[in-house]
Each structure stands twice: as C-alpha cells, then as structure tokens.
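Novice: Could you look at this predicted model? Sequence included:
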Amino acid sequence: MIDWVSHAISAAIAAVVGAFVGRSVSRPDAKIDKLDRDVTQLRDERIVRVEGRLDRVEDNGCAVGRQVLAKLEHATGMLTKLDLKMDRIAETTAKQAAEIAANNKYVGNLDKSLQRHKETAHHG
C-alpha cells in the first residue's frame, strides 16, 4: 500500500508540477504573442502616420514647387521683356548715332562751304 500511496503522491506532485510548468511555459508564450501583436500594431500605426506625413509633405512640396515655378516663369517673362526693350534701345541709339554723324558731316560741309564763300565772295 505504501507503494500505491507513494505513486499516487508522486503522480499528484508530477501533475501539480506539470500544470505549474505548463502554465509558466504557456504564459510567457501568451505574453510574447501579445507583445508581438502589440509591437506589430504599433508599427503599422506608425507606418500609417508616417505615410500621412509624407503625403502632406509631398502636397506641400508640390505647392511650393508650383509657386517657385510660377515665380521663375514670371521672372523669365520679365527678362524677355527687358531683353526686347534693350534691343529697341540699342536700335534707337544706333539710329540716333547715325543721325548725329550725318548732322555733324552736314554741319562740317556747311562750315566749309561758308568758309569758301567768305574767301571767294569778299576777296573777289
């Protein structure tokens, strides 16, 4: 009978130890699984937040890019207008320089003509 009792006690102790060990082993697995799920959820939420931020930055970047492009196009247009005005000024200046040269030649010829007239009309 003592054998039977000692086997029963050993079996009971083994069952208690097995249950305790089983619970200890399964509890960390459950905690690890929960932590893994929590980490995965946090990672996914963070990815969604980062994607949202990137979308906003991209939208803002596109808006800023469009503003910069518009300003560059405006500046290009203004430079083109200034270039055309400078061309017209250069043409006008060249015409005026030619007219001044022609007037100087005319005045020079008039002066020579008057000088000859004075010499021939008064000495003759």
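Specialist: The structure has been received and is ready for your questions.
Novice: which stretch of helix or strand covers Met86?
Specialist: Met86 is part of helix 2-123 when elements are defined by DSSP states H and E.
Novice: Which strands or helices does that helix pack on?
Specialist: Counting contacts by 3 or more CB pairs under 8 Å, 6 or more residues apart in numbering; DSSP states H and E, helix 2-123 is packed against no other helix or strand. Glycine gets a C-beta too; all of them are placed from N, C-alpha and C.
Novice: just how off-centre is it within its chain?
Specialist: Centroid separation between helix 2-123 and its chain, computed with CA atoms, centre = their mean, to the nearest Å, is 0 Å.
Novice: what is the mean pLDDT for it?
Specialist: Averaged across helix 2-123, pLDDT comes to 80.
Novice: So that it lines up with my notes, have the first residue be 870 from now on.
Specialist: Okay, residue one is now 870; in that scheme the one you just asked about reads as helix 871-992.
Novice: Roughly how far does Gln910 sit from Arg922?
Specialist: 19 Å (CB to CB, to the nearest Å).
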